[in-house]
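J.: have a look; sequence and predicted model below, questions after that.
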Amino acid sequence: MKNSVSTFMDAKGKTEKLTMLTAYDYSMAKIIDNAGVNGILVGDSLGMVCLGYKDTLSVTMEDMLHHIKAVTRGSKDALVVGDMPFMSYQTSVYDAVKNAGRIIQEGCAGAVKLEGGATVYEEVKAIVKAQIPVMGHIGLTPQSVNMFGGFKVQGKDENKAKQIIDDAKKLEDAGVFSIVLEGIPWKLAKIITESVTVPTIGIGAGKFCDGQILVYQDMLGLFTDFTPKFVKTYGNAGEVMNTAFKDYIDEVKNGVFPSEEHSFKIDDEIIGKLY
């Protein structure tokens, strides 16, 4: 069944949780979509796991559109959400609406995601007014890494916790259909989930959110530069791939591959005329 914004809204408070994973290319989008997730996020995390940047700040709109287009071609049932990269919405309300529109119009995504709470209230409101669904993102927002002084858990003191709760309510008022809660204490995430009428999607925010999301490279052991505390490894695909690559190299060097079964034939009579 095709997932939509309504699928997410209807899941609020239900026993069955929403599931999301990231994807950045056609092949992986097909695999993840076929597994049955509710949503695929084409995150600006691609800057780190695909492009090798130290953070997400160098990712451009063109980077995002390139990957979003690939993912939407490979996804049939999941709601594809396109991330709005750094400086694509912070400069003005006009830029925010224009760039969100590009993600929908050119990228064919079903929704956009942007980071921030009260500070992006007007931008979110304007994007929603333009009939573009918005997923919010508060807590540890990677585009604010320089302000945070690194990738640190947010909301651990009273004032910051209250600010995150207020941010969630502001986003709800602005019209978001869901909110990603990243890198916050689970008890705070529980309060937020109970305080808003839109579903919360957790990543490092505990089990009381309405859904969860992970970067697929993290959960499969494909990205080893660092592993966040909140990641559970569901399979070591990196190890399997490394073994396969080594086997390939060994077989090529020793003349085992390609064998006759992997080769094309031609009549010997024709070959004789070529000498």
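T.: Everything's here; your move. Being a predicted model, the structure only gives us computed values, none of them experimental. Numbering: from 1, shown residues only.
J.: give me the helices and strands touching the helix or strand containing Val124, please.
T.: Assigned by DSSP states H and E, Val124 falls within helix 121-129. Counting contacts by 3 or more Cβ pairs under 8 Å, 6 or more residues apart in numbering; DSSP states H and E, helix 121-129 packs against helix 93-105, strand 134-139, helix 158-174. Every C-beta, even on glycine, is put in place using the N, C-alpha and C of the backbone.
J.: each with direction, which strands does the next helix or strand after the longest one pair with?
T.: Scanning forward in sequence from helix 158-174, with DSSP H and E defining helices and strands, the next element found is strand 178-182. Under the criterion DSSP bridges, strand 178-182 sits next to strand 134-139 (parallel), strand 200-203 (parallel) in its sheet.
J.: what's in contact with the helix-or-strand element of the chain with minimal mean pLDDT?
T.: The weakest-scoring helix or strand in the chain, judged by mean pLDDT, DSSP states H and E, is helix 145-148 (a mean of 84). Under the criterion Cβ atoms under 8 Å, 6 or more residues apart in numbering, residues Asp55, Thr56, Leu57, Leu140, Phe151, Gln154 lie in contact with helix 145-148.
J.: could you rerun that using 6 Å?
T.: For helix 145-148, contacts defined as Cβ atoms under 6 Å, 6 or more residues apart in numbering pick out Asp55.
J.: go through it and flag the buried ones.
T.: Val145 (16 or more other Cβ atoms under 10 Å).
J.: CA atoms of that helix as PDB?
T.: Provided in PDB are the C-alpha atoms of helix 145-148 (Å, rounded to 0.1, in the frame of the first residue of the first chain):
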ATOM      1  CA  VAL A 145      26.800  21.300  14.800                       C
ATOM      2  CA  ASN A 146      29.000  24.300  15.000                       C
ATOM      3  CA  MET A 147      26.600  26.000  17.400                       C
ATOM      4  CA  PHE A 148      26.300  22.900  19.500                       C
END
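J.: show me how far it is from its chain's centre.
T.: How far helix 145-148 lies from its chain's middle: 20 Å, per Cα atoms, centre = their mean, to the nearest Å.
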